[in-house]
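Enquirer: kindly return the folded structure for what I paste below:
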Amino acid sequence: MRSLFTPRWLLSHLFVVTMVVVMLGLALWQLDRRGVRESENDEIRAAAELPPVEIEEILSGTGPIVEHRRVIVRGSYLSDSSFVVANRSYQTQAGSWMATPVELADGTLVAVARGWVPRLWVAGTDPRVVSTPDDVELVGRVFESVPGGRVGSGTDQFAEVSRMDLATVEEALGLGMADIWIQLEVQVPEVEDLPIPVPPPPLGEGPHLSYAFQWFFFSTGAAVVYALILLRKRRELVKMDGDG
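Expert: Model (predicted):
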């Protein structure tokens, strides 16, 4: 009797089983990614719900640095040391973040990402004005340094960095900075036209669950289709043996 366990068919079986296992693994990986996303979202929500604290409390080391927690900052903007964080979009528009160090009462400098500005403004062809008050009181979300930054080409007016890597910011500005930075939410005096404050990150689950369902569907479909192929082939072999 002809068999479905010849070397050629065994290779086919092995290939299909491998593909099904890989697709199941991808589905489980997407579910794991969804779990990580949910955990991160819970941490962000918990941090955002904490009452705002004075930034000096964070800088003193008496409390842990909880990213996304709101802090209160009072000081003076160093407008001549403003810089841009390149390649940041807002509602699909290309641009940068405008950032300026704030000098606290004790002389400590803290980088504040004040908000988004369009690429044309950085290039000097957007007529809108960014006003930088001397004395400012603001509330924003606190973050630790983001590694992997580099100094960009910048413009005649602004230094440029690729991300809020505080060592890179220090290199670009030639100033010593605190080891945290602030994403501004509101300030007094208020922002007029620009920069546009960056909203908190969306806390959706992302597409991971739908991707997981797709991989489960593909793996199940492959197994079912291959089983039907084998069933039809087995019938053909039985018929061929009967005819023989």
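
Enquirer: let me know the secondary structure of V16.
Expert: With DSSP: H, G, I helix; E, B strand; the rest coil as the basis, V16 sits in helix.

Enquirer: check the one 4 residues further on too.
Expert: Reduced to three states with three-state DSSP, the structure at V20 is helix.

Enquirer: give the contact list for it.
Expert: The contact partners of V20, taken as CB atoms under 8 Å, 6 or more residues apart in numbering, are 219, 222-223. For every residue, glycine as well, the C-beta is placed using N, CA and C.

Enquirer: most neighbours out of those, which is it?
Expert: S219 (19 neighbours; other CB atoms under 10 Å).

Enquirer: distance of that residue from L10?
Expert: 21 Å (CB to CB, to the nearest Å).

Enquirer: closest to V142 among the contacts of V20?
Expert: Of all the contacts of V20, S219 has the smallest distance to V142: 43.5 Å, by CB to CB.

Enquirer: which element is the closest one on?
Expert: Counting by DSSP states H and E, the element that carries S219 is helix 208-243.

Enquirer: need the contacts of V20 in CSV (columns: distance to I44 and pLDDT).
Expert: Formatted as CSV, the contacts of V20 follow (distance: CB to CB, whole Å; pLDDT from 0 to 100):
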residue, distance to I44, pLDDT
S219, 33, 92
A222, 38, 91
A223, 39, 92
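
Enquirer: will you turn those into CSV that also has distance to F213?
Expert: Formatted as CSV, the contacts of V20 follow (distance: CB to CB, whole Å):
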residue, distance to F213
S219, 11
A222, 15
A223, 16
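
Enquirer: out of these, which is nearest to D134?
Expert: S219 (62.6 Å).

Enquirer: tally of neighbours for the closest residue to that closest one other than its chain neighbours?
Expert: What sits nearest to S219 in space, not counting adjacent residues and going by CB to CB, 6 or more residues apart in numbering, is M23, at 3.8 Å. Using other CB under 10 Å, M23 has 20 neighbouring residues.

Enquirer: from what I see, M23 and F217 are in contact.
Expert: No. Assessed by CB atoms under 8 Å, M23 is found out of contact with F217, at 9.1 Å.

Enquirer: need the three-state assignment for the closest residue to T108 other than its chain neighbours.
Expert: Leaving out its chain neighbours, the residue that sits closest to T108 by CB to CB, 6+ apart is A178, at 5.4 Å. Assigned by three-state DSSP, the conformation of A178 is coil.
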